[in-house]
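In: coordinates for the following, if possible.
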Amino acid sequence: MTDKITIYDVAARAGVSISTVSLVLNSPTRVRQATRERVLTAADELGFVPKADAVTRARKGVGRIGVIAPFSSYPSFSRRLAGVFAAVGAEALEVVVFDQQSAASATSPLLSSLPITRRLDGLIIMGLPLEDSVVERLHAQRLPTVVIDSPRPRFEAVVTDDEAGGELVARHLLERGHRRLAYVGEAQRSHAYVSPSESRLAGFRREVGPGLPEVAVRLVRHDVGQARAATHALLDQADPPTAVFAHDDTLAGGVLAAARDRGLAVPEDLAVVGFDDSDLAQALDLTTVRQPFEESGRLALRALLDQMQGSRTGRRTTVLELDLVVRATT
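Out: Residues are numbered from 1 along each chain as shown. Okay, here's the model as predicted:
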């Protein structure tokens, strides 16, 4: 019966024109959220599935997977993408990367409409919190999905333990004899989920204990200048820190810039630790936590292919190891 359901049926059920249904399926950002949700709900209830695109791809013998990486200008996301592309190899796959601000919201038009359009055979979601309604739609439409760093029970996940990374840094600095520590992190974009910055701070704080008061924590935008200014504010305190842990290597660069502004010797006057082990960390000779970014992309792609081929159910969580890389800044 579902084969007989047409766009006209969806339009009638939703109380909209067929052009509106077409926009929801093809250009969802051009439709108001309330209308978009009404159309998608009607399509779900009727079991409507657009077929033209799937038939075209079937004739070509090429599968198509989507990767949502909304901040792929961040080195961490671009390196994960590199891992995905490396794992594709000779597979007959098209990889479509969605990099847009709207994708950063769990209620985005993109995440809501993707499963029903059937334009993708599989999906990798990097670092995005997913609302229950989106999870249910992806699951109900049986779109193979793997998430990176935002695990949900219904999906296979590849994650790193950010709290463990914060603990690694704290132990290292405490072993170096530091007792006045501080944290410069990225401000939370949404309180609907726990960000990597919050997780790293939680692990750092748990290991440091009372030695990390609220005045020693500064949360800023992901910007070197903001981290630089935040570090100056920390150094202006009556008991300034002797060591600063930054959410990532970019913010650590701002901390180092502030130390240079003050004429402070690193690490003698101020120790600095970053996170990610990016090219910047290597150039700055920065102590940092190394994440296996490329490996997370490769594992996610392999897990997705296994799901698409029916050899895995998609409920496993793989936790990757972190390593502390000690360099000149501590």
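
In: ok, which stretches of the stretch 1-150 of the chain are strands?
Out: 63-68, 93-98, 122-126, 145-148 (DSSP state E, counting those that start in this stretch).

In: using PDB, write out the CA atom coordinates for the second one.
Out: Output of strand 93-98 as PDB, limited to C-alpha atoms (Å, rounded to 0.1, in the frame of the first residue of the first chain):
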ATOM      1  CA  LEU A  93      30.400   5.200  -2.400                       C
ATOM      2  CA  GLU A  94      29.500   8.900  -2.800                       C
ATOM      3  CA  VAL A  95      30.200  10.900   0.400                       C
ATOM      4  CA  VAL A  96      28.100  14.000   0.900                       C
ATOM      5  CA  VAL A  97      29.300  16.400   3.700                       C
ATOM      6  CA  PHE A  98      26.800  18.700   5.300                       C
END
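
In: name the helices or strands packed onto that strand?
Out: Here strand 93-98 touches strand 63-68, helix 75-88, going by 3 or more C-beta pairs under 8 Å, 6 or more residues apart in numbering; DSSP states H and E. Any C-beta I mention is one placed from the backbone N, CA and C, and that applies to glycine too.

In: next, the angle from it to strand 63-68.
Out: Orientation check (axes from the mean of the first three to the mean of the last three C-alpha atoms, to 10 degrees): strand 93-98 against strand 63-68 gives 20 degrees.

In: mind listing the strands strand 93-98 pairs with, and their directions?
Out: Sheet pairing here is set by DSSP bridges, and for strand 93-98 it gives strand 63-68 (parallel).

In: where in the stretch 101-250 of the chain is pLDDT low?
Out: 101-118, 189-193 (pLDDT under 70).

In: and for the most centrally placed residue in the chain, nearest residue in space, chain neighbours not counted?
Out: The residue lying closest to the centre of the chain (C-alpha atoms, centre = their mean) is residue 127, at 1.8 Å. Residue nearest to residue 127 in three dimensions, not counting chain neighbours: residue 149, with 4.8 Å by C-beta to C-beta, 6 or more residues apart in numbering.

In: that neighbour contacts residue 196, doesn't it?
Out: Yes. Residue 149 lies in contact with residue 196 (C-beta atoms under 8 Å); the separation is 6.9 Å.

In: tell me the residues that contact both of the two, please.
Out: residue 127 (C-beta atoms under 8 Å, 6 or more residues apart in numbering).

In: and residue 129, how many neighbours?
Out: 18 (other C-beta atoms under 10 Å).

In: can you list the domains in this protein?
Out: Domain segmentation of the chain under automatic domain parsing yields 1-48, 51-160+295-320, 162-290.

In: among these, which is nearest residue 328?
Out: domain 162-290 (4.1 Å; C-beta to C-beta).

In: just give me how far the host helix or strand of residue 159 sits from the chain centre.
Out: Here residue 159, judged by DSSP states H and E, is contained in strand 156-160. Its chain's C-alpha centre and that of strand 156-160 lie 11 Å apart, by C-alpha atoms, centre = their mean, to the nearest Å.

In: now do the helices in the stretch 1-150 of the chain.
Out: Shown for the stretch 1-150 of the chain, the helices assigned by DSSP state H, counting those that start in this stretch span residues 7-14, 18-26, 33-46, 52-60, 75-88, 109-117, 132-140.
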